[in-house]
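In: Using only what follows, build the 3D model:
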Amino acid sequence: MPTLVRSLLAAVVATAASVGAGVALVGPAERDAAVPEVAPSVTLADLDTTTLAASRAGFCAGVAPARVVEALGAEPADTASYDNGEQVLLAGDLTDVAHEFGCTWTAADGGRARGWVFAPPVTADRAARLVRAALRGEGCSRLPGAASYGVPSVAVVCPVDGGREVSYRGLFGDAWLSCALSAPATTPREELIERADRWCATVAIAGSTDSTAG
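Out: Sure, this is the predicted structure:
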């Protein structure tokens with residue numbers, strides 16, 4: 001891995017450790033209404049994701065709480081995670097066995113920060129098919145100018161109930177890694193895109209097999 005990328009990963013881990021939960025100190029009158037402040041994370045442009053490999057294993061514990069707060073713009077109201085082989089709620093009361101590892105943090109306003117990785121290895125040919133499938137989602141469109149998220153990769157913007165979601169998906173070595181951030185329709189599109197870029201960099205770092213990624 002290039003020295004610059006390795007240094008950036010080490011800096012992110014060090015920052016997360018020093019920030020902790022990332023809650024800013026405020027006066028009594030401001031405490032209830034304040035949104036926690038966190039030190040800025042890196043963006044996908046700061047990482048060479050084309051050289052990163054991800055582990056086909058659980059990575060949720062490696063996501064710093066400060067990064068979740070940054071992505072959601074608030075402390076999460078709910079969290080959930082699952083491992084390969086577990087029963088997972090898909091929609092309504094429909095469940096299925098997961099063949100991936102994943103986690104979700106949900107804010108009080110309905111915004112969600114997610115990350116997941118397939119448990120089975122993925123070939124380049126299958127990855128190309130997964131890219132095409134992501135673009136076929138109802139109402140989804142490719143995000144123009146998006147940074148690479150592995151090779152191959154795709155970034156899409158899709159409508160969700162009450163808002164929109166930005167997601168990145170890509171092949172890191174033989175691991176198909178995905179991330180997504182959704183927010184209510186009142187959140188400006190460009191703000192959501194920027195927050196999703198940083199969130200997906202966080203997921204790439206947490207899922208990386210590089211030892212400096214924690």
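In: Break down this protein into its helices, ranges please.
Out: Here the chain has its helices, by DSSP state H, at 3-19, 28-31, 65-72, 124-135, 189-207.
In: between the ones you listed, which gets the lowest average pLDDT?
Out: Of all those, mean pLDDT reaches its minimum on helix 28-31 (a mean of 35).
In: Please enumerate the strands of this protein.
Out: 78-82, 87-91, 94-97, 100-106, 112-118, 141-142, 153-160, 163-172, 175-184 (DSSP state E).
In: Quick check: closest non-adjacent residue to residue 159.
Out: residue 139 (4.4 Å; Cβ to Cβ, 6 or more residues apart in numbering). Every C-beta, even on glycine, is put in place using the N, C-alpha and C of the backbone.
In: Output stretch 186-193 as PDB, restricted to C-alpha atoms.
Out: Extracted C-alpha coordinates of stretch 186-193, given in PDB (Å, rounded to 0.1, in the frame of the first residue of the first chain):
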ATOM      1  CA  THR A 186     -35.200  18.100   3.700                       C
ATOM      2  CA  THR A 187     -31.400  17.300   3.700                       C
ATOM      3  CA  PRO A 188     -29.800  19.100   0.700                       C
ATOM      4  CA  ARG A 189     -28.600  16.700  -1.900                       C
ATOM      5  CA  GLU A 190     -25.000  18.000  -2.000                       C
ATOM      6  CA  GLU A 191     -24.800  17.800   1.800                       C
ATOM      7  CA  LEU A 192     -25.900  14.200   1.700                       C
ATOM      8  CA  ILE A 193     -23.400  13.400  -1.100                       C
END
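In: Tell me how far that stretch lies from the chain's centre.
Out: 16 Å (Cα atoms, centre = their mean, to the nearest Å).
In: That one: which residues count as buried?
Out: For stretch 186-193, burial by neighbour count (16 or more other Cβ atoms under 10 Å) applies to 187, 192-193.
In: For the nearest residue to residue 147 once chain neighbours are set aside, the count of nearby residues, please.
Out: The shortest distance from residue 147 to any non-neighbouring residue, by Cβ to Cβ, 6+ apart, is to residue 44 (3.7 Å). By the measure other Cβ atoms under 10 Å, the count of residues near residue 44 is 21.
In: ok, residue 44 touching residue 197?
Out: Yes. Counting by Cβ atoms under 8 Å, residue 44 touches residue 197, with 5.3 Å between them.
In: shared neighbours of these two, which are they?
Out: Both residue 44 and residue 197 are contacted by 146-147, under the criterion Cβ atoms under 8 Å, 6 or more residues apart in numbering.
In: Sounds good, over and out.
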